[in-house]
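In: here you go, sequence then predicted model.
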Amino acid sequence: MIGAVHIGLLAACVVLFVPMAMAGWHLSRNKMLFFSCALFITLAVGVHLMPYFPSISDFLSPSEVISLSSPSNRDSCVSLLHSVVYSDDFVVKECGIGCEKRLRWDWVGSGRVAGCEFQKLMRSDASDLFNGSWVVVAGDSQARLMAVSVLELVMGDEAMERIRGDLFKRHSDYSITVDEIGMKLDFVWAPYVGNLTELVLRLRRSRNIPDVMVVGAGLWDMLHVNNASEYGSALRVLRDNSLTLLPVSSNLDGGNSKPPPRFLHLFWVGMPMLITTMLNTDEKREKMTTAIYDSYEDELTTTKIWRESGGPFFKLDVRLLSELCGPRCTSDGMHYDGVVYDATVQIMLNALLIESNQKLE
């Protein structure tokens, strides 16, 4: 079969040379008119031939504007998501752990960070993003505080205050559906990594996978087990089982039709910076030392659980965010004011926007 390029070239030759030959026969005494006609016909044919030569079209078209659709630029912006600063200004707002006002925070407003145009999502924006979604948040008290910030954002402070008591029932699960946007959020109390693995296996067996999972564990293990190597072993099991969820088949019932797979978004809530002198029990001050804490952090790195090292989880660096906020943002050296978790949630939402190539209007 003759290709489109060959047909185009044949047509071009006919269109170009036949009129030129005729023009040369009739206009041989007027060379200026002859060459003007030849030039016009050549240009016209060139315009028709350009679609057959993409490289020419690309060369003549304006250069592509660098945007988040470029994989390299997208990866660069993802690496800058945690570049935040806290100001000394306060926003009066009720927050769950012993504070009446929160510091203001924002992304660094200069350099490469500013070029990424990160955005704080308002309630309407977050509602659009979470519309019809199932979100699972699982882990210890740090994960619970993440659930609080997510719900505050999509429900508003007043509605959040009505359910705060139920959400903070000691060591319990919690489930809620935000009817206005059809979003379901399940909080699962899972203070040990082994609990998280059990949850992953349970979801896999049920063939019912959420859209977003936000998990994290480490503080309880550090306090009650205090063995970093065992923690690392548990992380490896969790990593391997979580990888089996990616990508998530949208046809897990084994039917004949096979729609394109959807993707489960997995996030890991890192441990906060521990301020040993502010810890409120002797046991915590004895077992949760800086050296032990660092050994647990090392296990997170060496087990390659984070996506940046080939693992399944996007790292939400609560250690960095809490360290930037410092002692002024905590009363017990472990649980931080809401501003830290608000910033973490906004980083997570911007990561979701980048992954899905979306941008707020």
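Out: Thanks, I have the structure now.
In: so in this protein, where's the weakest helix or strand by average pLDDT?
Out: Least confident helix or strand, the chain: helix 54-60 with a mean of 38, by mean pLDDT, DSSP states H and E.
In: can you name the element that comes right after that one?
Out: Heading C-terminal from helix 54-60, the first helix or strand you meet, by DSSP states H and E, is helix 71-78.
In: for that following helix, packing partners?
Out: If contacts are counted by 3 or more CB pairs under 8 Å, 6 or more residues apart in numbering; DSSP states H and E, helix 71-78 sits against helix 111-116, helix 338-355. Where C-beta positions appear, they are placed from N, C-alpha and C, glycine not excepted.
In: as JSON lines, the ones you listed with distance to Arg170 would be great.
Out: Listed next are the helices and strands packed on helix 71-78 as JSON lines, based on distance: least, CB to CB, whole Å:
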{"stretch": "helix 111-116", "distance to Arg170": "39"}
{"stretch": "helix 338-355", "distance to Arg170": "19"}
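In: out of those helices, flag the one nearest Arg102.
Out: Proximity to Arg102 (CB to CB) singles out helix 338-355 among these, at 4.2 Å.
In: tell me which other helices or strands the closest one touches.
Out: Counting contacts by 3+ CB pairs under 8 Å, 6+ apart, helix 338-355 is packed against helix 71-78, strand 84-95, strand 99-107, helix 123-130, helix 141-155, strand 265-269, strand 314-316, helix 318-325.
In: reformat these as a markdown table; add mean pLDDT, distance to Met334 and mean neighbour count.
Out: Converted to a markdown table, those look like this (pLDDT from 0 to 100; distance: least, CB to CB, whole Å; neighbours: other CB atoms under 10 Å):
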| stretch | mean pLDDT | distance to Met334 | mean neighbour count |
| --- | --- | --- | --- |
| helix 71-78 | 75 | 28 | 14 |
| strand 84-95 | 72 | 15 | 14 |
| strand 99-107 | 80 | 14 | 17 |
| helix 123-130 | 94 | 27 | 17 |
| helix 141-155 | 95 | 8 | 24 |
| strand 265-269 | 97 | 14 | 24 |
| strand 314-316 | 97 | 17 | 23 |
| helix 318-325 | 97 | 9 | 21 |
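In: among these, which is nearest Asp173?
Out: For Asp173, the closest of these is helix 141-155, at 10.3 Å, according to CB to CB.
In: so which residues make contact with that closest one?
Out: For helix 141-155, the surrounding residues in contact (CB atoms under 8 Å, 6 or more residues apart in numbering) are 96-97, 121, 123, 126-127, 130, 135, 137, 160, 163-164, 167-168, 174, 176, 178, 181, 183, 185, 187, 189-190, 214-217, 219, 269, 271-272, 318, 335-336, 338, 341-342, 344-345.
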